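Colleague: here is a sequence with its predicted model. Questions after.
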Number of protein chains: 2
Amino acid sequence: MATGRSTQNNPNPAAGNRRSRGRGIPDATVARLPLYLRALTALSERSVPTVSSEELATAAGVNSAKLRKDFSYLGSYGTRGVGYDVEYLVYQISRELGLTQDWPVVIVGIGNLGHALANYGGFASRGFRVAALLDADAALTGQLVAGLPVRHTDEMEEIVRSERVSIGVITTPPVAAQQVCDRLVAAGVTSILNFAPTVLNVPDGVDVRKVDLSIELQILAFHEQRKAGDDLDDADAEVPAAQPAAVVSEGTELEEAAG
Amino acid sequence: MATGRSTQNNPNPAAGNRRSRGRGIPDATVARLPLYLRALTALSERSVPTVSSEELATAAGVNSAKLRKDFSYLGSYGTRGVGYDVEYLVYQISRELGLTQDWPVVIVGIGNLGHALANYGGFASRGFRVAALLDADAALTGQLVAGLPVRHTDEMEEIVRSERVSIGVITTPPVAAQQVCDRLVAAGVTSILNFAPTVLNVPDGVDVRKVDLSIELQILAFHEQRKAGDDLDDADAEVPAAQPAAVVSEGTELEEAAG
DNA sequence: CCATCTTTGTGCACGCGTTCACAAAGACAT
DNA sequence: ATGTCTTTGTGAACGCGTGCACAAAGATGG
């Protein structure tokens, strides 16, 4: 049944496991580099020249040994007895993450979330550039969002090719997501950030990362329930009474139009 | 420097590691339960009575052995030679995740993203109920968003207490996030879903999960860069020329008002 | 130039998570 | 009732990620 081998499932072990040993940076480390970069950027703005692994670790919310090991994969950029040069490290991490180059991105599905992403400052800053906003709803075409005109999804292929877009962001309703994904991939996109609550099927060589709001909430609910259950110990051992009950649809998840 | 021990760092190993061996469901499994639940709900809507681990696994985008092991932590709910009863499994997972009860949630920071979340269908369905929308901008107070009036953050404490809110969602700008977090926790919130690109400091017993859009993009960029680099092999070994250059601010990330 | 002190870089061990592979369990046909 | 066939549940091995703890490296002061 399944065609291509998707890489999105695993919550975070980062997609693209097989080639992760390219020059050898572990996926877990790659996932933390943006964290370090953010902390370092803040230090840079405060004109702090150097920082110790201990300081940087607490600023990034990680263990200092972990941080040092992470950096060791990039090379030996620290000075013993002193710490790390902030500017130098910012540059090295940026380069490692590929942020010193320009990444054109398309956002497909301009509902509330697409809107939010288009206005998201973090995009424009870190080397990412919104090449186009796309939506299947012709009524939106031409409308300005975050200073950019919304364009119809008919133009998707042309835009991806001419702008050399390799990263696509999907914020459509779940039913449209797979189709949009297929078209993006066919047009040349090889990395996808998926906000639609659907499992995307992609061919080998295409990375998918998933951001799922309701999953995060459900995980919180689990821990929350356990906290409450711990107080009265096994109070939940006996099920209330009813059957499935609650648990409703899902269909009309993200936004309204697109596809 | 760091006060409380935060649990948000690890990209996904799910917060609350220490008490994860309550009755023994691994964090990695908990993080996948919502995935299974979604796939099962879809089957349920199509009135499919039973499903094999193989079918369900591909629908959820995971390995079938992993799925079976995950379910084994919940108990033996399958029938050998047949598979799993869809309705029964939906109920068991819902119960395990605590979705058979009502979870009032507050969203703090009603910018674009707060808007998107307020309108997000996935909230209302799966046992979550938006108890209030809060924003520090008095100009927004009273405005209807997704049918609910925006209320001023001054009311935060009262609402959290009277509505017994235990889960808070933070969609404020990064500078306001920690302060909002502190107030939420002081008022009684014990689980936080943080969309602001900041490390939140929380006391023990409070779970934080982080959703960071720019981090996900940066991880994609890393893999994308490597794909490109693989083609011409070590073409990036020699750095272009310039120094830091690119890498800009960060400050005005999420949304505008709040705090 | 030497001693001391700080901080990095890493060898090692441990634990969690994943996957394989198979025995046990049960459905179903005869 | 018995045999066959499907599918679960899990024992065991493996690999990745984490954290400890320490030796090496270098700065700094006398």
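Modeller: Thanks, I have it.
Colleague: what stretches of chain A score poorly on pLDDT?
Modeller: Where chain A drops to pLDDT under 70, the residues are A:1-23, A:230-259.
Colleague: tell me the residues on it that lie near DNA strand C, please.
Modeller: Applying Cβ under 7 Å from any atom of the strand, we find that chain A lies next to DNA strand C at A:10, A:13, A:52-54, A:64-65, A:68-69, A:71-72, A:76-84. C-betas here are computed from N, CA, C, even on glycine.
Colleague: go with 6 Å
Modeller: For chain A, the contact set with DNA strand C under Cβ under 6 Å from any atom of the strand comprises A:10, A:52-54, A:65, A:68-69, A:71-72, A:76-78, A:80-84.
Colleague: ok, and of those residues, which contact DNA strand D?
Modeller: Residues of these in contact with DNA strand D (Cβ under 6 Å from any atom of the strand): A:Ala65, A:Lys69, A:Arg80, A:Gly81, A:Val82.
Colleague: and these, which is closest to A:Glu158?
Modeller: When these are compared for distance to A:Glu158 (Cβ to Cβ), A:Lys69 wins out at 45.5 Å.
Colleague: okay, and which of the ones next to DNA strand D among the residues of chain A next to DNA strand C map to helices?
Modeller: Cross-referencing those against helices under DSSP state H gives A:Ala65, A:Lys69.
Colleague: highest neighbour count among the ones next to DNA strand D among the residues of chain A next to DNA strand C?
Modeller: Most neighbours among these, by other Cβ atoms under 10 Å in any protein chain shown: A:Lys69, with 13 neighbours.
Colleague: in contact with that residue, which residues?
Modeller: Residues near A:Lys69 by Cβ atoms under 8 Å, 6 or more residues apart in numbering or on different chains: A:Thr29.
Colleague: let's see that with 10 Å instead.
Modeller: The contact partners of A:Lys69, taken as Cβ atoms under 10 Å, 6 or more residues apart in numbering or on different chains, are A:Pro26, A:Thr29, A:Ser53, A:Asn63.
Colleague: of those, buried ones?
Modeller: A:Thr29, A:Ser53 (16 or more other Cβ atoms under 10 Å in any protein chain shown).
Colleague: from the contacts of A:Lys69, which two are the most distant?
Modeller: A:Pro26 and A:Ser53 (17.7 Å).
Colleague: what parts of chain A come near DNA strand D?
Modeller: Contact residues (Cβ under 6 Å from any atom of the strand) of chain A with DNA strand D: A:Pro13, A:Pro26, A:Asp27, A:Ala28, A:Asn63, A:Ala65, A:Lys66, A:Lys69, A:Thr79, A:Arg80, A:Gly81, A:Val82.
Colleague: of the residues you listed, which is the nearest to B:Glu224?
Modeller: A:Asp27 (14.5 Å).
Colleague: what distance do you get for the closest one to B:Gln218?
Modeller: Using Cβ to Cβ, to the nearest Å, we find A:Asp27 at a distance of 13 Å from B:Gln218.
Colleague: please apply the same query to A:Ile192.
Modeller: 15 Å.
Colleague: check A:Ala118 too.
Modeller: A:Ala118 sits 18 Å away from B:Gln218, going by Cβ to Cβ.
Colleague: more neighbours: which of these two?
Modeller: B:Gln218 (27 against 21).
Colleague: and the more buried one, what helix or strand is that in?
Modeller: Assigned by DSSP states H and E, B:Gln218 falls within helix B:213-231.
Colleague: is any residue of that helix near chain A?
Modeller: Yes: Helix B:213-231 is in contact with chain A by Cβ under 10 Å from any Cβ of the partner chain, via B:213-230.
Colleague: show me how far that helix is from its chain's centre.
Modeller: 23 Å (Cα atoms, centre = their mean, to the nearest Å).
Colleague: now it: buried residues?
Modeller: Neighbour-count burial for helix B:213-231, counted by 16+ other Cβ under 10 Å, picks out B:213-227, B:229.
Colleague: can I get that helix as PDB, trimmed to CA atoms?
Modeller: The C-alpha trace of helix B:213-231 is given here as PDB (Å, rounded to 0.1, in the frame of the first residue of the first chain):
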ATOM      1  CA  LEU B 213       8.600  27.200  13.400                       C
ATOM      2  CA  SER B 214      12.000  28.600  12.600                       C
ATOM      3  CA  ILE B 215      13.800  25.700  14.100                       C
ATOM      4  CA  GLU B 216      12.000  23.200  11.900                       C
ATOM      5  CA  LEU B 217      12.800  25.300   8.900                       C
ATOM      6  CA  GLN B 218      16.500  25.400   9.800                       C
ATOM      7  CA  ILE B 219      16.600  21.700  10.200                       C
ATOM      8  CA  LEU B 220      15.200  21.300   6.800                       C
ATOM      9  CA  ALA B 221      17.700  23.800   5.400                       C
ATOM     10  CA  PHE B 222      20.500  21.700   6.900                       C
ATOM     11  CA  HIS B 223      19.400  18.500   5.100                       C
ATOM     12  CA  GLU B 224      18.700  20.500   2.000                       C
ATOM     13  CA  GLN B 225      22.100  21.900   2.000                       C
ATOM     14  CA  ARG B 226      23.600  18.500   2.400                       C
ATOM     15  CA  LYS B 227      21.600  17.100  -0.500                       C
ATOM     16  CA  ALA B 228      23.000  19.900  -2.700                       C
ATOM     17  CA  GLY B 229      26.500  19.400  -1.300                       C
ATOM     18  CA  ASP B 230      26.400  15.700  -2.000                       C
ATOM     19  CA  ASP B 231      25.900  16.300  -5.700                       C
END
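Colleague: which residues touch the residue nearest to A:Val30 when sequence neighbours are not counted?
Modeller: In this structure, A:Val30 finds its nearest non-sequential neighbour in B:Phe222, 5.3 Å apart by Cβ to Cβ, 6 or more residues apart in numbering or on different chains. With contact taken as Cβ under 10 Å, 6+ apart, B:Phe222 is in contact with A:14, A:16, A:25, A:27, A:30-31, A:33-34, A:96-99, A:191, A:207.
Colleague: the helices in chain A, which residues?
Modeller: A:27-45, A:53-60, A:64-74, A:86-97, A:112-119, A:121-125, A:156-162, A:174-187, A:213-231.
Colleague: pick the most deeply packed of those helices.
Modeller: For those, the largest average neighbour count (mean count of other Cβ atoms under 10 Å in any protein chain shown) is found in helix A:112-119, namely a mean of 24.
Colleague: near chain B, anything from that helix?
Modeller: Yes: using Cβ under 10 Å from any Cβ, we find that helix A:112-119 touches chain B at A:Asn112, A:Leu113, A:Gly114, A:His115, A:Ala116, A:Leu117, A:Ala118, A:Asn119.
Colleague: and the angle for that helix with helix B:213-231?
Modeller: Inter-element angle recorded for helix A:112-119 and helix B:213-231: 70 degrees (by axes from the mean of the first three to the mean of the last three Cα atoms, to 10 degrees).
Colleague: dump helix A:112-119 to PDB, restricted to CA.
Modeller: C-alpha atoms of helix A:112-119 as PDB (Å, rounded to 0.1, in the frame of the first residue of the first chain):
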ATOM      1  CA  ASN A 112      -5.100  31.800   9.500                       C
ATOM      2  CA  LEU A 113      -2.000  29.800   9.900                       C
ATOM      3  CA  GLY A 114      -0.600  30.600   6.500                       C
ATOM      4  CA  HIS A 115      -1.200  34.200   7.400                       C
ATOM      5  CA  ALA A 116       0.600  33.800  10.700                       C
ATOM      6  CA  LEU A 117       3.600  32.200   9.000                       C
ATOM      7  CA  ALA A 118       3.700  34.800   6.200                       C
ATOM      8  CA  ASN A 119       4.000  37.500   8.900                       C
END
